[in-house]
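Student: fold the following for me, if possible:
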Amino acid sequence: MAKKNIIIGVTASVACYKALDVISRLRKQGIQVTVVLTKEAEEFIKPVLFQAVSGSKVITHDMFNAPDEWDSGHVSLAQRADCVAIIPATANIIGKIANGICDDMLTCAVCATSAPVLLAPAMNGNMYNNRIVQENIGRLKKLGFYFTGPIKGSLACGTEGMGHIQDLEVIVKEIQHLIK
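Tutor: Next up is the predicted model:
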């Protein structure tokens, strides 16, 4: 059986560090992981951490950096993916994807892939419950995107509510299900 390739997209949420644990769990199962960080995520966490855990070069937001070897980065990345999982998925990334905005490596890879895409939302409860965010989530679900969570829990703003990232074990199981 061929080795599975997963793209883990990381966006700017306090929950971005949780993606490290998901990556570690997937690697222990022999799954190849490529990490794509948004520009905003790099304000929260440095690429070197993801490189250490994934064992692979981390792809950042800049689509116009000279590649190590020529290919159209977002397309080749998307073509070799068995699944794309965005952990955490912010209101911003959900809105961009729902509206076809492709302004960085992650959004372009999502647009170019035929693999299943899983989003694990994490945000303030008021943001999550916002009608626009809910419409974007509904639109993506109708288009065949997969979602896991969020769940009710402690939020970065110090409150308790809906918007806490899904349990990591559940996220890993969802990815495993999508790559079978």
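
Student: shaky segments in the protein?
Tutor: 1, 61-74 (pLDDT under 70).

Student: could you redo the last one with a cut-off of 90?
Tutor: 1-3, 60-80, 151-163, 180 (pLDDT under 90).

Student: would you list every one of the strands in it?
Tutor: Under the criterion DSSP state E, strands of the chain are mapped to 5-10, 32-37, 83-89, 117-121, 146-147, 151-154, 160-164.

Student: please name whichever of these is nearest to Glu174.
Tutor: Checking the strands of the chain against Glu174 by C-beta to C-beta gives strand 117-121 as the closest, at 5.7 Å. Placement of C-beta: from N, CA and C, glycine included.

Student: show me what that closest one is packed up against.
Tutor: Helices and strands touching strand 117-121, as assessed by 3 or more C-beta pairs under 8 Å, 6 or more residues apart in numbering; DSSP states H and E, comprise strand 83-89, helix 91-98, strand 146-147, helix 168-178.

Student: my read: Glu40 touches Thr11, true?
Tutor: Yes - counting by C-beta atoms under 8 Å, Thr11 is a contact partner of Glu40 at 6.7 Å.

Student: list residues touching both of these two?
Tutor: Residues touching both Glu40 and Thr11 by C-beta atoms under 8 Å, 6 or more residues apart in numbering: Asn92.

Student: of these two, who's got more company?
Tutor: Neighbours per residue (other C-beta atoms under 10 Å) separate Glu40 from Thr11, with Thr11 holding more: 29 against 17.

Student: look up how far Lys96 lies from the nearest residue to Thr38 once chain neighbours are set aside.
Tutor: Distances taken as C-beta to C-beta, 6 or more residues apart in numbering place Thr11 nearest to Thr38, at 5.0 Å, with adjacent residues excluded. Per C-beta to C-beta, to the nearest Å, Thr11 is found 10 Å from Lys96.

Student: could you do Gln51 as well?
Tutor: From Gln51 across to Lys96, the span is 25 Å (C-beta to C-beta).

Student: who has more neighbours out of these two?
Tutor: Lys96 (21 against 13).

Student: ok, the residue nearest to Gln166 when sequence neighbours are not counted - contacts?
Tutor: Spatial nearest neighbour of Gln166, excluding adjacent residues (C-beta to C-beta, 6+ apart): Gly149 at 2.9 Å. By C-beta under 8 Å, 6+ apart, the residues touching Gly149 are Ala120, Pro121, Ala122, His164, Ile165, Gln166, Asp167, Val170, Ile171.
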